[in-house]
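**Student:** My questions are about this predicted structure, shown below with the sequence.
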Amino acid sequence: MRKLLYIMLVVFGTTNANAQGCSDAGICSIGHAFDTSKKTLKNNIEVAAIFGKGEADVAYFSPFVSYTRKITEKLSLSSKIVFSSASGSFGTSASFGDAFLIGNYTFKEKKNKQWSTLFGWKFPFTSSNKKINGYSLPLDYQASLGTFDLFLGTNLKYRKWNFNTAVQIPVFNNNKNSYFKEFSGTDDFPSTNLFQRKSDALVSASYSIVTKNEKFTFKPNVIFIYHLGEDSYETIIGKRENIIGSDGLTINGNLITAYNINKKNTLELAMATPFVVRTVRPDGLTRSFVASIIYKMAF
């Protein structure tokens, strides 16, 4: 227990409460597809409620539902649908955001080491151009970035450690956002007219601490996300310009606490905050703090 308290102090005690910048277009959340702890049964359902604080005064509520089917001992398929509501000085915007379809293949464990690989897609429900009273909204108020993305990843499980690497590649862009900060009356959000986003690469590490009665599991982890290029937008005169400073590194800290109600049901609480952020985050994915509660059922 002392080890857990020490990790919590290191992860959260050194974080600036005003930090901003959890830039995640989905690449962080696909790590759940690597989780094999509850997959002795063939079917798994997750229902979640996620709360977050973003740029300026924007607050988020983003529930999702996920279903995982174990096809064979080694192969499983996961699907997820996300809804998003953003509220702030522009008003409230809410709609379905993205759908995910992820396949995971797990190799045989050898000498306490187990590898798995991941392949999947993200499908948007919107073209990222939702408006309020006819006025265009920045990406911070949009439920999706409007891109069809490819995920590729691998995971190494060693004893109580998990190490993930993954890439998220926008393959097809359907973003039709038309927001210009010049016409909005605020400089809180950059212009993102016909926004084009670059790829992300992720490396993460987590450590599981299980109580003696196996009722509670504590999992602190750190996530490094590198945005592999500068995003761009189209100016008023139709010229495409890069958004300087939109590339670079984001480092997030996360602590997951899971309570095993019984062999088939689990309740999970997670808290996350960024330590390092990119200079500019035009994609609207900035979060200063995120808290989520997830109910998991296996059958």
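**Tutor:** Right, received. Where do you want to start? Numbers count the residues shown, from 1 in each chain.
**Student:** what's the helix or strand containing Gln168 in contact with?
**Tutor:** Assigned by DSSP states H and E, Gln168 falls within strand 161-173. With C-beta atoms under 8 Å, 6 or more residues apart in numbering as the test, strand 161-173 has contacts from 25-27, 30-31, 34, 118, 122, 145-156, 196-208, 221. C-betas here are computed from N, CA, C, even on glycine.
**Student:** which residues in the stretch 101-250 of the chain form strands?
**Tutor:** Assigned by DSSP state E, counting those that start in this stretch, the stretch 101-250 of the chain shows strands spanning 113-124, 131-132, 135-136, 147-158, 161-173, 200-207, 209-210, 216-227, 232-234, 240-242, 248-260.
**Student:** For Leu41, find the nearest of those strands.
**Tutor:** Between Leu41 and the strands of the stretch 101-250 of the chain, the shortest gap by C-beta to C-beta is with strand 248-260, which sits at 13.7 Å.
**Student:** Give me the distance between that closest one and the centre of its chain.
**Tutor:** When distances are taken as C-alpha atoms, centre = their mean, to the nearest Å, strand 248-260 is centred 10 Å away from the chain's centroid.
**Student:** ok so, going back, just the buried members of the contacts of strand 161-173?
**Tutor:** Neighbour-count burial (16 or more other C-beta atoms under 10 Å) is assigned, among the contacts of strand 161-173, to 25-27, 30-31, 34, 118, 122, 145-147, 149, 151, 153, 155, 196-200, 202, 204, 206-208, 221.
**Student:** and Asn104, how many residues sit next to it?
**Tutor:** 26 (other C-beta atoms under 10 Å).
**Student:** Where does pLDDT dip in the stretch 101-250 of the chain?
**Tutor:** Applying pLDDT under 70 to the stretch 101-250 of the chain flags no residue at all.
**Student:** circling back to that earlier point, CSV please, covering the strands of the stretch 101-250 of the chain and showing distance to Ala48.
**Tutor:** Conversion of these to CSV gives the following (distance: least, C-beta to C-beta, whole Å):
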stretch, distance to Ala48
strand 113-124, 17
strand 131-132, 26
strand 135-136, 30
strand 147-158, 19
strand 161-173, 19
strand 200-207, 18
strand 209-210, 22
strand 216-227, 16
strand 232-234, 32
strand 240-242, 35
strand 248-260, 12
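**Student:** What residues of whichever strand or helix holds Thr273 count as buried?
**Tutor:** For Thr273, the element it lies in under DSSP H and E is strand 265-276. Within strand 265-276, the residues that count as buried by 16+ other C-beta under 10 Å are 266, 268, 270-275.
**Student:** OK, contacts around Leu77?
**Tutor:** Taking C-beta under 8 Å, 6+ apart, one finds 68-69, 71, 101-104 in contact with Leu77.
**Student:** Bridged to it, which residues?
**Tutor:** Arg69, Gly103 (DSSP bridges).
**Student:** wait, doesn't Gly284 sit right on Gly52?
**Tutor:** No: with contact defined as C-beta atoms under 8 Å, Gly284 does not count as touching Gly52 (11.5 Å).
**Student:** Compare neighbour counts for the two and give me the winner.
**Tutor:** Gly284 (26 against 21).
**Student:** Could you check which helix or strand contains that one?
**Tutor:** Per DSSP H and E, there is no helix or strand for Gly284.
**Student:** Now do it, the pLDDT please.
**Tutor:** Note on Gly284: pLDDT of 89.
**Student:** same thing with Ser37?
**Tutor:** On the pLDDT scale, Ser37 is placed at 51.
**Student:** Repeat that for Thr72.
**Tutor:** pLDDT at Thr72 comes out at 93.
**Student:** That one - how many residues pack around it?
**Tutor:** There are 9 residues near Thr72, going by other C-beta under 10 Å.
**Student:** before we move on, which element is it in?
**Tutor:** Following DSSP H and E, one finds Thr72 outside all helices and strands.
**Student:** ok, now which ones touch it?
**Tutor:** Contacts of Thr72 (C-beta under 8 Å, 6+ apart): none.
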